[in-house]
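# sequence unknown, structure follows:
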């Protein structure tokens, strides 16, 4: 898997997490838009020629395409800005599921659910956690396994005392991948029980 494909998959994953969090937060229309953008990114990865042709008509600058390694259309940009700038989301996600920094805390998890929302949105448009992760697919998988294992190990503490609605926001904002979290850390492909 090349760097372009890896970044595309990460963007699609980020869009999926943001859409899920938006849906849990009651932003159904924005969540549906996020899922459409995710589907567009995945379609572009499956057929890069079609995506390139569709975005040439939008007169994107080569710098934007090169910096993101996949086309980001103006609609995605507007959606991302709207989500990131929302005062309602900031108010409803502030101090929810706070994770303090420290040794062993994976990149992108420090802060509260609103901080994580902003990190996921940045990842979705290609400017996020790129510097925090290797472009090597094998290393990326190892980092994601460790990140998900950390979440599973610390989730009980994060949920202690949370009301149901708050707990749902915490889990959605962490972006835990149940498939990745359940796999054997040695990479043998054997799900944990």
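Nice, I can see it. Nothing here was measured: the structure is a model prediction, and the numbers come from that model.
# Against residue 7, how distant is residue 43?
Here residue 43 is placed at a distance of 16 Å from residue 7 (CB to CB, to the nearest Å). C-beta: built from backbone N, CA, C; applies to glycine.
# Those two: who's more crowded?
residue 7 (21 against 14; other CB atoms under 10 Å).
# Check which helix or strand that one maps to.
helix 3-24 (DSSP states H and E).
# cool, residue 157 as well?
With DSSP H and E as the test, residue 157 turns up in helix 137-159.
# Kindly spell out which helices and strands sit in contact with that helix.
helix 3-24, helix 164-174, helix 178-182 (3 or more CB pairs under 8 Å, 6 or more residues apart in numbering; DSSP states H and E).
# Dump the ones you listed into JSON lines; add distance to residue 114 and mean pLDDT as well.
Supplementary listing: these in JSON lines, determined by distance: least, CB to CB, whole Å; pLDDT from 0 to 100:
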{"stretch": "helix 3-24", "distance to residue 114": "10", "mean pLDDT": "90"}
{"stretch": "helix 164-174", "distance to residue 114": "8", "mean pLDDT": "97"}
{"stretch": "helix 178-182", "distance to residue 114": "23", "mean pLDDT": "71"}
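# which of those sits most buried?
Comparing the helices and strands packed on helix 137-159 by mean neighbour count (mean count of other CB atoms under 10 Å), helix 3-24 ranks first with a mean of 21.
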